[in-house]
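1. next input, structure requested:
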Amino acid sequence: MLTKLVFVLTLLFGVSAASIAAVRPHLPLYLRHGLKISKLSGEPLIKAACQGIGDNETESCVSTLQSAPSDQQANANSLALYTLRYVENHAETIVAGIKNFSTVPDVAPMLQSALTDCREQYTSIDDLIETATDAVERNNYADAQKFINAAISSIDVCNNQLQESSTEEQAENRQGESVDMEKELKKYNLLHRNLLNAALNILTVD
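-> The predicted structure is shown next:
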């Protein structure tokens, strides 16, 4: 079951780019609601978006945003929408994957509780990002930032629950699928958190 879940999550990074590519291009962002919106495009915009999200994470952020079609790298609005939809697509699949893994027998109670919390948080993330996307499309960037920050908070809640479960597993010297599952989910939590921070950077970078 874990192997299937990891395989599905891994496939996301190849499949979602193709589905997001169908998103129509949008007009460039401009000043509104007192927020300065980037006039950069292409590689300079991507590097600015990923700047400061973490010394060891910039490369994965840049490579992810470089997977956007060229027309969606052309301006800040399009790249912000690509980034949000990228995370939204992953959130939907992660919810399904957690739901499947939760049915596996003999899952430690602490991990079962953490997975339940993470599933609820990622369901919320899906809704929050959809709302943030709608706000960007309406040029309401202040609201978009608010919902993106709320989505980041949801990821943090999931990660904290997983950390508590991981601490218990280490104390009991547990190994196996549950440990692997936690590591995989933490990895995606980090990626999604970084990409959402990149989206915030896109909406505020000079």
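2. going by C-alpha atoms from here, please, whenever you check contacts or count neighbours.
-> Will do.
3. neighbouring contacts of stretch 197-206?
-> Here stretch 197-206 makes contact (CA atoms under 8 Å, 6 or more residues apart in numbering) with 35-39, 45, 48-51, 53, 61, 76, 79-80, 83-84, 141, 145, 148, 152.
4. out of the residues you listed, which sit inside strands?
-> Here DSSP state E is the test, and the contacts of stretch 197-206 give no hits in strands at all.
5. confirm residue 128 sits in a strand?
-> No - the assignment for residue 128, made by DSSP: H, G, I helix; E, B strand; the rest coil, is helix rather than a strand.
6. can you pull the contacts of the closest residue to it other than its chain neighbours?
-> Closest residue in space to residue 128, ignoring its immediate chain neighbours: residue 147 at 5.6 Å, by CA to CA, 6 or more residues apart in numbering. Contacts for residue 147 were tallied using CA under 8 Å, 6+ apart; they are 128-129, 131-132.
7. tell me the one of those residues nearest residue 193?
-> Nearest to residue 193 among these, counting by CA to CA, is residue 129 at 12.2 Å.
8. how near is the closest one to residue 63?
-> Distance, residue 129 to residue 63, by CA to CA, to the nearest Å: 21 Å.
9. okay, the two: which has more neighbours?
-> The residue with more neighbours, out of residue 129 and residue 63, is residue 129; 27 against 13, by other CA atoms under 10 Å.
10. in the protein, which spans are helices?
-> For the chain, applying DSSP state H gives helices covering 2-20, 42-50, 58-66, 76-101, 109-137, 141-171, 177-204.
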